[in-house]
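Enquirer: build me a structure from this.
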Amino acid sequence: MWLWQDRDHLAFDAGGREPGFERFVNPTQFALDAQTVARRAADLALETGPRS
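Expert: Numbers count the residues shown, from 1 in each chain. Now for the predicted structure:
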């Protein structure tokens, strides 16, 4: 894996994949799982967001 990319801007890319996999069983279960995953993503984004 190459760690540096030639860009015309500065960027700090941090992150990775979160563990887990939600298997589709039915639409109701999937909607609940999607909300849980989205909530976790939002929490992580706020944790790593700008600090003022």
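Enquirer: how about the secondary structure of the closest residue to residue 22 other than its chain neighbours?
Expert: Nearest residue to residue 22 in three dimensions, chain neighbours excluded: residue 33, at 4.0 Å (CB to CB, 6 or more residues apart in numbering). Using the backbone N, CA and C atoms, a C-beta is placed for each residue, glycine as well. Classification of residue 33 by DSSP: H, G, I helix; E, B strand; the rest coil places it in helix.
Enquirer: measure residue 33 to residue 48 for me?
Expert: Residue 33 sits 23 Å away from residue 48, going by CB to CB, to the nearest Å.
Enquirer: more neighbours: which of the two?
Expert: residue 33 (16 against 10; other CB atoms under 10 Å).
Enquirer: contact partners of stretch 17-31?
Expert: 33-34, 37, 40-41, 44 (CB atoms under 8 Å, 6 or more residues apart in numbering).
Enquirer: output that stretch as CSV, nothing but the C-alphas.
Expert: The C-alpha trace of stretch 17-31 is given here as CSV (Å, rounded to 0.1, in the frame of the first residue of the first chain):
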residue,chain,number,x,y,z
ARG,A,17,-13.1,-0.1,8.5
GLU,A,18,-15.3,-0.6,11.5
PRO,A,19,-15.7,-4.2,12.6
GLY,A,20,-18.9,-6.0,12.0
PHE,A,21,-21.3,-7.0,9.2
GLU,A,22,-25.0,-6.7,9.2
ARG,A,23,-26.7,-9.5,7.2
PHE,A,24,-29.9,-8.7,5.4
VAL,A,25,-32.8,-10.7,6.9
ASN,A,26,-35.8,-8.5,6.1
PRO,A,27,-36.5,-4.9,5.4
THR,A,28,-37.5,-4.0,9.0
GLN,A,29,-34.3,-5.6,10.5
PHE,A,30,-32.2,-3.9,7.9
ALA,A,31,-33.6,-0.5,8.6
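Enquirer: as a whole number, average confidence for that stretch?
Expert: The average of the pLDDT scores along stretch 17-31 is 90.
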